[in-house]
Structures are given as C-alpha cells and as structure tokens.
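> Fold the following for me, if possible:
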Amino acid sequence: MNPADHGPRMAADLLTMQLADAEQRIKQTELALVLSEKMVAENLALSSRIRSARRRVVKSGGRLTTIDPTALKQFAQ
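Coordinates of the predicted model:
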C-alpha cells in the first residue's frame with residue numbers, strides 16, 4: 001500500500017472523531033441546560049414559598065399587636 005493513499009482516509013477518520021466529540025459536547029450542554037432549568041424552577045418555587053411565609057409572618061405580627069401591643073417589644077429583646 002502506498003502511504004499517500006491513507007491521506008483521505010486519515011482525514012475522514014479525524015473528521016469523524018471531531019464530529020463525535022462535538023456531538024458529545026452538545027449532549028453535555030443540553031443536559032446542563034435541563035439541569036439549570038430544573039434548578040431555576042426549584043428556586044422560583046422556593047422564592048414563592050419564602051414570600052408567602054413572609055406575608056403570613058407580617059400578617060400574624062399585625063394580629064399580635066392588636067391582641068397585645070407590647071408583645072412585639074418582648075420578641076425584639
């Protein structure tokens with residue numbers, strides 16, 4: 001076999017390896033995107049729960065001062 005005959009074959013093999021590498025990076029990037037989207041959704045849900053809890057605390061604090069105006073001063077100490 002003539003070594004010059006391997007040139008196109010080696011170029012095709014190199015191109016195939018580069019394509020496989022690029023496809024793997026695309027799959028990894030897609031997976032990272034899916035995981036990031038899940039994290040964002042979880043953070044949004046957690047933020048919503050925190051805001052809801054904060055509103056309940058503020059609302060209950062208002063009721064507490066209606067029952068005993070000195071009660072909040074005791075908690076502040």
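> packing partners for the lengthiest helix in the chain?
Determined from DSSP state H, the single longest helix within the chain is helix 6-67. Contacts defined by 3 or more Cβ pairs under 8 Å, 6 or more residues apart in numbering; DSSP states H and E place helix 6-67 against helix 71-76. All C-beta spots, glycine's among them, are computed from the backbone N, C-alpha and C.
> pLDDT (mean, whole number) over the helix it packs on?
Averaged across helix 71-76, pLDDT comes to 59.
> ditto for stretch 26-46
Regarding stretch 26-46, the rounded mean pLDDT is 97.
> circling back: how far does the longest helix of the chain sit from its chain's centre?
Distance of helix 6-67 from the chain centroid (Cα atoms, centre = their mean, to the nearest Å) equals 3 Å.
> burial of Leu33, as a residue count?
10 (other Cβ atoms under 10 Å).
> Ala45 versus that one, what's the distance?
As judged by Cβ to Cβ, to the nearest Å, Leu33 and Ala45 stand 19 Å apart.
> again, but for Pro8
Counting by Cβ to Cβ, the gap from Pro8 to Ala45 is 55 Å.
> cool, and Gln24?
32 Å.
> what does Ala12 give?
50 Å.
> go on, Ala53?
13 Å.
> what touches both of the two?
By Cβ atoms under 8 Å, 6 or more residues apart in numbering, Ala53 and Ala45 have no common neighbours.
> Can you get me a residue count around Gly61?
Gly61 has 13 neighbouring residues, counting by other Cβ under 10 Å.
> pLDDT value on it, please?
On the pLDDT scale, Gly61 is placed at 70.
> Tell me how far it lies from Ile50.
Distance of Gly61 to Ile50, given as Cβ to Cβ: 16 Å.
> got it, and Met39?
Taking Cβ to Cβ as the measure, Met39 and Ile50 are separated by 16 Å.
> what's the answer for Val58, then?
From Val58 to Ile50 the distance is 13 Å (Cβ to Cβ).
> now do Thr16
Note on Thr16: its distance to Ile50, by Cβ to Cβ, is 51 Å.
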